[in-house]
Structures are given as C-alpha cells and as structure tokens.
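Student: predicted model follows, preceded by the sequence.
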Amino acid sequence: PCCPMRRIRFTTLLLLAGHAGSFVAPPCRSIHRGTVSQRAMQDGSLFGTAADPWAVWNETSSGPLGAWLDQVFMDRFLLALLRNAGDGTSERLQGPASYEDIMATVADIHDRGLRDGIDVSAVSRGTLQSLFPDWPPSPRDTVGLLWWFERLFARPFPVFSAKLNAQVTWAAAAWLMGPCDLEDVATGELAVGDGKKQRVKVRRCRYLEEAGCASICAQTCKIPTQKFFNTDMGVPLRITPDFATLECNFEFGVPSNEANDTAVLDTSCFPMCSRKNHQQHRDKSSFSMGKDARPCDATSALGRTGQGHTRKRT
C-alpha cells in the first residue's frame, strides 16, 4: 500500500532536482539584457555599475548539484591549477579548498605571466584538460577522454554535444561563476543546433567580480576556455563578458572569433584594478594588443605579486 506514496515522493524529488538552479538566487533583474555592447566590453570604468543585486553569490549559495559536489569540484580545480602552474606544494595542501584560495592562485599565475613571461592561457587550458581522465588511450599530446569525445560525439552528433555541454556547464560550474540560467541563442549566429537552451547566462560572474581585472577574465577564463571547447572537445563556444553588468554569455554552438576576443583584451583598466603600470592586456598566446589598450593604473587587494597561496601547508 505504500508503493504509490513512494513513487510520488521519488517523482517530487526528481522535479526538485531538475529545478534546483532556480533556488540559487532570485530571478535576474539586470538593467542590461540582450547583446553586449562594444562599450560595455571595452570601457573598464563601467565595471559593475549595472550588476544585478539579486544575483550575488554568498556563503549559503550552492549550485544545482548541491554544496557537497561544489566543494569536490573546488578541491579538484585548485589542485589542478597548482599542478599546471608548477607549484611544488600542491601535494601537501591540507583541508578543503576555499574560493579565496582559488582566486589567490589565479592572480598569482596571472602575475607570473606579467613578471616571468609564463603562458597564462596555456596554464589555464591545461588546468581544464587535467580535470578529465587520460583514458581511453589516445594519440600523443592529447587527453584520452577529450579526444574520444570529439570523435564519438562532437563530430557525429554536434547538436547533442553542444546542448549537453551547455547543460553540464550550467549544472557543474555555478560554484565558480555564480548563479546561471539556461537560455536560447539567436539562430543567426549559430553554427550548430537550433539555439534552444544553448546559452549559459551567468547572471553576476563571481570569478570576474572577485578578480576585479579584465586581463584575468580574458587570459585565465575567456580565451583558454574557448580554446578548450573549440579545439579539445570539438564543440563551438563563444564567451562574451559584460563588464558593466558582470554578466557573461557562454554560447554553445557559436564559434569564437578574434574580433570578439580583441574587444575584451582591449578593455581599459577597471577603477579598482590591482595591476598598476602593467600592460595587462597583452595576451601571450598570439592575440595581439589593440592600439587603444591601456596599462593598469589602480590598486586592489587581489593578485599582489608575492602573496601566493593562503592555504595551510605542512
């Protein structure tokens, strides 16, 4: 006699799980919606001026998969960052990772690019690659699972692959970026799919807001992530941040292009940027600086050279 009730409870749990993202934050009330203007991407003085106050990530927030998995992803991501940056302390870190740990590590990697000339974009792309198992066997200098995904899914089933990656990004990356929505992409820009549920709209990017730097956004997130999906997974992706609203669009099925990348690389310095007197927009992986790009000229607490990681070590 209790079986029908169990079925009802199980169905209810499934429905709640499917809509878990709606409990992360109230609906977006952003002032700026739609296509990101050139000024919103390149005028650093607009940083955060139209950000949605209802989309702030706080200590009680969690992604659609729950706080426990968020922490698992955070731990793995930080360890991957340290290993790809060549940090010999990565094996001796103790305790769960914090978001502050991740942002301090990202800022340190970025500053090493400015100071020592390391390829920041390559480190970031390598971090994403190392999150996936190098199996089944694949050709040299490739990652097994990624190489086979492109051949077994992305090439024969491009629409399915674009929609799948949008869903996975929405479900698994909210802890890194902040509250997200799944939206449609304008069909005129698509190379793959019908656009339904192929855009992940980050309502207020936690990563961008904590970094406070357009160069960190471009060189450690936008450009390497696009290259990872477009090249390593075979899934077209264009990422477009809006520095005024702190929103960001991940458009699966839309190829990246150099004009879009250059617009972000040429962004003028944010009022609270931490990299004074650095030519922060020089991308060390072949994207050129625009002639109007300006050096950083302000100060913030994030990313100071030499601060390194805040985690306890043994």
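Tutor: Structure's in. What do you need?
Student: which pLDDT value does the model give D266?
Tutor: Note on D266: pLDDT of 86.
Student: residues in contact with the residue positioned nearest the centre of the chain?
Tutor: Residue closest to the average C-alpha location in the chain (CA atoms, centre = their mean): C221, at 5.3 Å. C221 makes contacts with S124, Y207, L208, I239, as judged by CB atoms under 8 Å, 6 or more residues apart in numbering. Every C-beta, even on glycine, is put in place using the N, C-alpha and C of the backbone.
Student: so where does the second one fall, helix or strand?
Tutor: For Y207, the enclosing helix or strand under DSSP states H and E is helix 206-211.
Student: who are the packing partners of that helix?
Tutor: helix 99-116, helix 174-177, helix 214-217 (3 or more CB pairs under 8 Å, 6 or more residues apart in numbering; DSSP states H and E).
Student: how many neighbours does K201 have?
Tutor: Counted with other CB atoms under 10 Å, residues neighbouring K201 total 18.
Student: cool, K196 as well?
Tutor: K196 - counted by other CB under 10 Å - has 14 other residues nearby.
Student: rewinding a little: name the stretch among the helices and strands packed on helix 206-211 that sits most buried.
Tutor: Mean neighbours per residue, mean count of other CB atoms under 10 Å, is largest over the helices and strands packed on helix 206-211 for helix 214-217, with a mean of 28.
Student: helix or strand right after it?
Tutor: Assignment by DSSP H and E places the next element after helix 214-217 at helix 223-227.
Student: how is the closest residue to P139 other than its chain neighbours assigned, secondary-structure-wise?
Tutor: The shortest distance from P139 to any non-neighbouring residue, by CB to CB, 6 or more residues apart in numbering, is to W147 (6.8 Å). Three-state call for W147 (DSSP: H, G, I helix; E, B strand; the rest coil): helix.
Student: so W147 sits against S138, correct?
Tutor: Yes: under the criterion of CB atoms under 8 Å, W147 makes contact with S138 at 3.8 Å.
Student: which one of these two has more residues nearby?
Tutor: W147 (20 against 16).
Student: could you measure the more buried one against F132, distance?
Tutor: 10 Å (CB to CB, to the nearest Å).
Student: now the residue nearest to F149 when sequence neighbours are not counted: phi and psi?
Tutor: Closest residue to F149 apart from its sequence neighbours, by CB to CB, 6+ apart: M233 at 5.9 Å. Torsion angles at M233 (phi, psi; degrees, to the nearest 10) stand at phi -100, psi -10.
Student: ditto for the one 4 residues further on
Tutor: Dihedral angles of L237 (phi, psi; degrees, to the nearest 10) stand at phi -150, psi 130.
Student: give the burial count for it, as a bare number.
Tutor: 24.
Student: spatially nearest residue to it (excluding sequence neighbours)?
Tutor: F229 (3.9 Å).
Student: OK, contacts around that neighbour?
Tutor: With CB under 8 Å, 6+ apart, F229 has these contacts: N165, V235, P236, L237, F252.
Student: helices - which of those land there?
Tutor: The helices, defined by DSSP state H, take in N165 from the contacts of F229.
Student: among the contacts of F229, which pair sits farthest apart?
Tutor: N165 and P236 (9.9 Å; CB to CB).
Student: how near is F228 to L131?
Tutor: In terms of CB to CB, F228 sits 10 Å off from L131.
Student: that should have said D75, apologies.
Tutor: Taken as CB to CB, the span from D75 to L131 is 12 Å.
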